[in-house]
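> Compute the structure for the input listed below.
(chains A and B)
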Amino acid sequence: MLKIDGLCKSYSTPQGDMDVLKNLSLGVDTGEKVALVGESGCGKSTLLHVIAGLEPIQAGCVSIAGADVAALDEAARAGLRREQLSLIFQQFNLITSLTVADNLSFEAKLAGRYDPNWTHELADRLDLTALMDRYPEQLSGGQQQRAAIGRSFAARPRLILADEPTGNLDEENSDIVLDIAFELVEQTGSTLLLATHSRRLAERADRTLRLSAGQLT
Amino acid sequence: MTTASGSPANHRMSGFFVVSRTLFSHWKRHKIQAATLIVGLATATALWTAVQALNNHARSSYEAAATTVSGASRPALVTANGGPLDLRAFADLRRAGIEVTPVIEGHVLLGNTVIEFTGIDPLTNKSKSAGPANNAAVDGEALLAFIQPPGILYTGNETAGRLNEFLTSLPLEDRPEVIERTGLAEGSAIGDIATVARILKLDGTITKLLLPADSVLQADHLPLPWNTQLKREEPPQQVDLQGLTDSFHLNLTAFGLLCFLVGLFIVYSAIGLAIEDRLSSIRTLRICGASKQRLLSLMLVEMTGLAVVAGTVGVLLGYLIASLLLPDIAASLRGLYGARVNGVLSLDATWWLGGIAISVLGVFAAALGGFFRVSKMSLLERKGSDAWWAKQNKTIIIKASLALIFLSSALIFYKFGTGLMAAFGVMAGILLGAAFLLPFILGAFLSFGSTIATTPMARWFWADARQQLTGLSLALMALLLALGTNIGVSGMVSGFRGTFDAFLEERLSADLYLLAASNEQGQSIAEWAKTQHNINAVLPITGATSRFGEKPVNTVGFEDHDSFRNTWSFLDAAPNIWDMAVSGDAVLVNEQLARRNNIWVGDSLTLETPSGPRIFAVAGVYSDYGNPRAEVRMKNAILLDNWPNSEQRRFAIITPAGDAVRAAVIEQFNLPGSQIIDQAALKAFSRDIFEKTFTVSDALSGLTLGVAAIAMFTSLLTLSGARIAGVAPLWAMGVPRRTLAFYELAKTLLLSLLTALAAIPLGIAITWCLVAVVNVEAFGWQLPLQVFPAQWAMVGLLGIVSALVAALYPTFKLQKTPPALLSKVFANDH
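Okay, the predicted model is just below:
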């Protein structure tokens, strides 16, 4: 599903270039759940953003379902995000002007894969049915993250890139969100690449990779 | 032991600096916000101070004119036939013990400009009405220099150059010294009677002999032969320039205030955003121990500093704008009221300080809400339970309620108010009411759009546009005011232009208009004209000044002729209007008199005549654009019966050979060309005055639109930072930046289009208010309400283009936002 080969990424800083990813390689099979751990600032978010085509690839190759991300122009990278993958963020990043119902269906409709029954089922399972007319700012953190997860799964993406999805939640809420997320990954057969600090969360993945000094171990 | 550096006072100072640095560092990080605030305030101040500069300058020019017209307020003796007066009369009358002083008046034409010369005799002129020239001339050496050849000419600062140029045509020994005197009316020069006589090449003749202001001497009490050759001329009724031009200046002031308010919208928006952005820092500072008083004081200092900087820039800009507009203002004041205004702007310190003061006041007014918020804020941030749209709805409802209050006040002013201030009250109520109603209208429309949208992007588009309404509503309100004013003013001007053209065609139906030097010469010309085969008719236009109650009225006599009967139209007319008017039973009155005194057909009015009050019936009311005075027209014979000494120097000549007749009159009667004007020249002159009068309105309404465009630009630019967080999730879900930029532009287009549409009814309301309320109060006449859809389209397009231009840079900025910056929105980590 995902193949990364010799990926390099650096940022310019006043102190000079800072290498974040150094000749990094990775392969993730379809349906596999991979946890990505590492210290703060080690480049976990950068890696997810590069895979999603949010940040340009400086060197190396990233391939999603056979498509070479580096070879795509911006519109094609946007198309790839619509067609193949979905992102779940720590900050939820719901669309503030839309209701929970609209947020839930937005990505699926955008991808042309909207299934009202599936969306309703998701709302039920995520305990969002009573909140469908509310706006994101009226929800608690846990509710917002459940809505963000629902939005991702409603589109039935083949690859889910989750960046600290429980980073803003307490333990109880984390567990609820994670139970549902892993259940849905199982049910939909999606591939999951999950960046986290949480050892507990990482343990639930099929395998755990540590990002350190720009390389995976 | 406490060291010097550790003293409580030092601790307090150090705390003060830490708090102020934290507070002020906001502007360093938000340079665009600072620029927005300064630009908005400077623009608002500039337009306001420009208008004030023009008003102050014009008023000081009127005062100068009032003090320099020699003998303007004194009775005089002139020849009975209107010709020049022999200097011997002066000697004879002085010998007879009559206190008279000779005056010479004349003018020279330099290209298109006229310099009017007044020659006085400082030895016999005991009045100070000759102003600074006389004052300077009455003492010692200055007096000698004034009266001894080549003499001295006092003139205004602007005229001096042209006067010197003209004087080079004189022999060197006859060339007087030109001295500039601030306060002397431009276009005039005052010198000793002998100096002026030399310049005007007069030999032993003078224009008039001034009597003391309180003299009651009549001509028949003069010694022989002057008792028959001279007549007493009463001082011309003092034209109260200040009073006449008040309406004009009030109009300008209203425009200036409107521009200032539109500018304040920007300032209010920028200050509101700056306070919003700093609320969390302020909260932290409060939690760390900074007192509310200290924070508010620092914010007050900060706002005052910004206001002084922006005010200074604004005042300089205002001076520049006023300098650019001054020539047109001067031309329209000269054309409308005969008021002379210097062409070089001179302003005193109070104007400069006043400009900065208004800037400071504007900032305080705009910051009041923010200060109140800071003073009342809780130390702990509490999340409200309302969604954004619920909060927005609350604001919209408050604004709509204010709109109702403003619109109701407009209605109250209209129904119960009187005077020009009430008329502006109506206009202000309509403008503010419409502005505060706009968010409600836009919100309702955008909500409706959301309900019919089906695709996800369409739903987001409508919902996001509605969400953005909170941040953009002030800029859109400013845009609405600017567009509404533009549509309103241009509608009024275009309607007026059409009406004025028709009016000129109607009133200037004769081919030539002639002003003889005296009644006798007029009589001679009329007799001569009757013998000319190429003159169809000579229609005398007699004139006298009367009073109606306490107010002066011009009475004008006319001759019954088809050219009047066929062309004149009336605002109110008796069925047999002309028959009534020529039979001597009734008069025609102008609209100004009718409206100010509520006198219409069927009513009567009492006019003062030399033989006592006389009652006339009103047969008709005619429009009389451009005339600030009340006027009554009646048949010549009736006027002469009632005012035997009336002026009989004016004639309308109907001829198919205008040029030939004009040339013949000039040659036959030695009449200056300026005294016999053909219809086309008169119409062109009137139209020129008309256009110049409205140049200023056009310029100010255009500038208001410019300010609104700045408001849009600054609002969009300020919001563009927040927009990145708003659109980044969509980008992450696969919507390309180009598409997002397109939607952003489309949102601005939609909001500005809706605002432009809302501006059309507002513009019509403003046009109505100007033609039916303000004009009536200001000038005494009402215009028919006309609408110009092509103009709406043009102004609307201009508004949309302004908004799009304003949106272009923020949109371009968004489209070009590097992915790294967009993805930062999601980043928790590197």
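
> tell me the phi and psi of residue 51?
As the question left the chain open, I've gone with chain A. Backbone geometry at A:I51, expressed as degrees, to the nearest 10, gives phi -60, psi -40.

> Number of residues surrounding it?
For A:I51, the count of nearby residues is 24 (other CB atoms under 10 Å in any protein chain shown). From N, CA and C alone the C-beta is placed, and that goes for glycine too.

> Now do the strands in the stretch 401-550 of chain B.
For the stretch 401-550 of chain B, the strands defined by DSSP state E, counting those that start in this stretch cover B:512-515, B:537-548.

> got these as TSV, with mean pLDDT columns?
Putting the strands of the stretch 401-550 of chain B into TSV (pLDDT from 0 to 100) gives the following:
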stretch	mean pLDDT
strand B:512-515	86
strand B:537-548	88
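
> Figure out which of the ones you listed is closest to B:I271.
Nearest of the strands of the stretch 401-550 of chain B to B:I271, taken as CB to CB: strand B:537-548 at 53.7 Å.

> Pairing partners for that closest one, with directions?
Strand B:537-548 sits in its sheet next to strand B:551-558 (antiparallel), strand B:647-654 (antiparallel), going by DSSP bridges.

> any chance of these in CSV, plus distance to B:K415?
Conversion of the strands paired with strand B:537-548 to CSV gives the following (distance: least, CB to CB, whole Å):
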stretch, distance to B:K415
strand B:551-558, 26
strand B:647-654, 43
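
> most packed of those strands?
Mean neighbour count (mean count of other CB atoms under 10 Å in any protein chain shown) peaks for strand B:647-654 among the strands paired with strand B:537-548, with a mean of 21.

> Please report how far B:F685 lies from B:T655.
In this structure, B:F685 and B:T655 are 20 Å apart, going by CB to CB, to the nearest Å.

> mind checking the SS state of residue 26?
I'll assume chain A. strand (DSSP: H, G, I helix; E, B strand; the rest coil).

> so what's the closest residue to it other than its chain neighbours up against?
Nearest non-adjacent residue to A:L26, counting by CB to CB, 6 or more residues apart in numbering or on different chains: A:I4, 4.3 Å away. A:I4 makes contacts with A:24-27, A:51, A:60-63, as judged by CB atoms under 8 Å, 6 or more residues apart in numbering or on different chains.

> returning to that earlier point: which one's more surrounded, B:F685 and B:T655?
For B:F685 versus B:T655, neighbours defined as other CB under 10 Å are more numerous around B:T655 (20 against 12).

> Need the mean per-residue confidence for the one helix or strand B:G355 maps to.
B:G355 is part of helix B:349-376, with elements assigned from DSSP states H and E. Per-residue pLDDT over helix B:349-376 has a mean of 85.

> so what does it touch, helix or strand wise?
Applying 3 or more CB pairs under 8 Å, 6 or more residues apart in numbering or on different chains; DSSP states H and E, one finds that helix B:349-376 contacts helix B:31-68, helix B:241-287, helix B:292-337.

> of all of chain B, which residue lies closest to chain A?
Nearest residue of chain B to chain A, counting by CB to the nearest CB: B:G734, 3.2 Å away.

> Please name the nearest non-neighbouring residue to that residue.
Once flanking residues are discounted, B:G734 sits nearest to A:R82: 3.2 Å by CB to CB, 6+ apart.

> do the same with B:G314
Setting aside the residues directly before and after it, B:G314 is nearest to B:T45 in space (CB to CB, 6+ apart), at 2.7 Å.

> Hmm, the one you found is touching B:S359, no?
Yes. Look at B:T45 against B:S359 with CB atoms under 8 Å: they come within range, at 4.4 Å.

> which residues do these two both contact?
B:310-311, B:314-315.

> Near the closest residue to B:E105 other than its chain neighbours, how many residues? Count them for me, please.
Counting by CB to CB, 6+ apart, B:T207 is the residue found nearest to B:E105 once chain neighbours are left out, at 4.4 Å. Using other CB under 10 Å, B:T207 has 22 other residues around it.

> again, but for the one 3 residues further on
A count of nearby residues for B:L210, using other CB under 10 Å, gives 28.

> beta partners for it?
As for beta bridges, B:L210 partners with B:A76, B:T101 under DSSP bridges.

> wait, it sits on B:E99?
No. Distance between B:L210 and B:E99: 9.4 Å, which falls outside the contact criterion (CB under 8 Å).

> For chain B, what's the nearest residue on chain A?
Among all residues of chain A, A:R82 sits closest to chain B, at 3.2 Å; criterion: CB to the nearest CB.

> residues contacting that residue?
Contacts for A:R82 were tallied using CB under 8 Å, 6+ apart; they are A:110-111, B:733-734.
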